[in-house]
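Trainee: structure for this input, please:
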Amino acid sequence: MFMVRLDIVTRVKPGKEIEFMQSMDILKSDEETRQGGGRVIIRQEVHEPLRYAIILEWESEQDFESYLDSEGVVFLRGTLLWLCGESQFSISPQSRKLDRLRATHFNLNSPPPYARGT
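Mentor: Down below sits the predicted model:
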């Protein structure tokens, strides 16, 4: 059973779908083989093919904290910033961890991509 879940809903920029899926394959492989790594699920919206859900799940808060300190989160951030037009984040259970993710990985001098709406 997974204790921490990070959901990201994003819209891929037109023409960037192949690069996005290649990046998601790398993210999934790296995270699922990393010690303490979590499970990664990628889902494409059927009726809106540029919209994807990225679901990351960890067995413990410690595993999630480890992810926040890993290269994987930096890779995910780069993918979202360069290949996607907008992203929205949520974490279950609700915690201040989402604030840490936002503060650590997005420029605080401009609105983060997930604040722009869908």
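
Trainee: span of stretch 33-47 from start to end?
Mentor: By CA to CA, to the nearest Å, the extent of stretch 33-47 from end to end equals 32 Å.

Trainee: flag every buried residue along it.
Mentor: By 16 or more other CB atoms under 10 Å, the buried positions in stretch 33-47 come out as Gly37, Gly38, Val40. The way it works is simple: take the backbone N, C-alpha and C, and place the C-beta from them, glycine included.

Trainee: distance of the closest residue to the second one other than its chain neighbours from Ser23?
Mentor: The reference is to Gly38. By the measure of CB to CB, 6 or more residues apart in numbering, the closest residue to Gly38 outside its immediate chain neighbours is Trp58, 3.9 Å from it. From Trp58 across to Ser23, the span is 20 Å (CB to CB, to the nearest Å).

Trainee: number of nearby residues for Ser54?
Mentor: Let me fix one detail, which is that residue 54 is Ile and not Ser. Residues within reach of Ile54, counting by other CB atoms under 10 Å, total 22.

Trainee: element containing the residue lying closest to Cys84 once chain neighbours are set aside, please.
Mentor: The shortest distance from Cys84 to any non-neighbouring residue, by CB to CB, 6+ apart, is to Thr10 (4.4 Å). Taking DSSP states H and E as the definition, Thr10 sits inside strand 4-12.

Trainee: buried ones in the helix or strand following that strand?
Mentor: Beyond strand 4-12 in the direction of the C-terminus, DSSP H and E gives the next helix or strand as helix 17-33. By neighbour count with 16+ other CB under 10 Å, helix 17-33 contains the buried residues Phe20, Ser23, Met24, Leu27, Lys28, Asp30, Glu31.
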